[in-house]
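Undergrad: model this:
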Amino acid sequence: MDKKFDLNRLNVKAFAREGLSLQGQQSLAQFVRLAELAAARFDAPIEDASEPDQVSWLIQGELVPVIAGESQIWLHLSAEIDLLLQCQRCMGSVKLAVEANASFRFVADEASAEAEDDESEEDLLVLMPEMNIFELIEDELIMSVPLVPMHETCPTEVPMSAVDVAFEEALEAKPNPFAALAQLKKKPN
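TA: This next block holds a predicted model:
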């Protein structure tokens with residue numbers, strides 16, 4: 001990584017003006033909110049936890065000339081991680097590839113972002129003097145995590161019924177309290 005750019009306080013305008021790209025890997029532990037989604041937080045058995053999870057990322061800056069006016073500042077981001085989550089079917093751990101790919105166009109202020117938001121297809125961000133790229137990577141990965149993580153095929157059999165056999169058997173063995181009333185009704189006077 002180029003020492004000239006601190007990704008905790010990146011000057012996006014300078015980065016885009018030079019048309020630079022940077023890539024790297026960071027430990028999942030550095031992304032606290034993303035790590036909280038991991039199955040290690042659950043009391044589920046952890047499979048494939050032999051190597052530490054790494055977030056791989058790539059950012060590219062771009063200055064796009066516009067016919068009239070200042071050039072547009074763009075930042076393209078890709079990030080991925082194999083994240084250990086809890087399967088919502090079998091409740092065991094499942095390792096899923098989580099990928100985020102996004103392009104951001106920067107605008108001068110919040111009013112410009114609001115005015116252009118409805119008409120633009122790209123994501124708009126307000127240009128700040130410094131931006132924490134790691135927070136942006138974490139936000140994009142969190143939004144890419146499946147809402148309902150599941151194995152394609154669970155490693156254990158998942159009961160698909162809410163019927164408790166033992167309860168049903170106990171219910172059948174217990175005499176019906178209304179059976180005596182039915183017998184009284186049948187007796188001749």
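
Undergrad: Tell me the buried residues in stretch 18-30?
TA: 22, 26, 28 (16 or more other CB atoms under 10 Å). Yep, even glycine has a C-beta here, placed from its N, CA and C like the rest.

Undergrad: got a list of contacts for that stretch?
TA: Contacting residues not belonging to stretch 18-30 are listed as 1-2, 5, 7, 34-35, 38, 52-63, 81, 83, 134 [CB atoms under 8 Å, 6 or more residues apart in numbering].

Undergrad: In helices, which of the residues you listed appear?
TA: 34, 35, 134 (DSSP state H).

Undergrad: quick one: the residue nearest the centre of the chain from residue 33, how far?
TA: Most central in the chain under CA atoms, centre = their mean is residue 145, positioned 2.2 Å from the mean C-alpha point. For residue 145, the distance to residue 33 equals 11 Å [CB to CB, to the nearest Å].

Undergrad: Quick check on residue 169: phi, psi?
TA: phi -70, psi -40 (degrees, to the nearest 10).

Undergrad: other SSEs contacting the lowest-mean-pLDDT helix or strand in the chain?
TA: One helix or strand of the chain scores below all others by mean pLDDT, DSSP states H and E: helix 179-186, with a mean of 74. Based on contacts counted as 3 or more CB pairs under 8 Å, 6 or more residues apart in numbering; DSSP states H and E, there is no element that helix 179-186 packs against.

Undergrad: re earlier: which residues are in contact with the residue nearest to the centre of the chain?
TA: 34, 37, 83, 85, 98.

Undergrad: Point out the least confident one among those residues.
TA: Among the contacts of residue 145, residue 37 carries the lowest pLDDT, at 79.

Undergrad: follow-up on the earlier one: which of the contacts of residue 145 sit farthest apart?
TA: The two members of the contacts of residue 145 with the most space between them (CB to CB) are 34 and 85, at 10.9 Å.

Undergrad: Is it correct that residue 141 is in contact with residue 98?
TA: Yes. At 5.7 Å, residue 141 counts as touching residue 98 under the criterion of CB atoms under 8 Å.

Undergrad: Now tabulate the contacts of residue 145 in JSON lines and tack on neighbour count and distance to residue 183.
TA: Listed next are the contacts of residue 145 as JSON lines, based on neighbours: other CB atoms under 10 Å; distance: CB to CB, whole Å:
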{"residue": "34", "neighbour count": "22", "distance to residue 183": "67"}
{"residue": "37", "neighbour count": "19", "distance to residue 183": "61"}
{"residue": "83", "neighbour count": "23", "distance to residue 183": "64"}
{"residue": "85", "neighbour count": "22", "distance to residue 183": "58"}
{"residue": "98", "neighbour count": "22", "distance to residue 183": "66"}
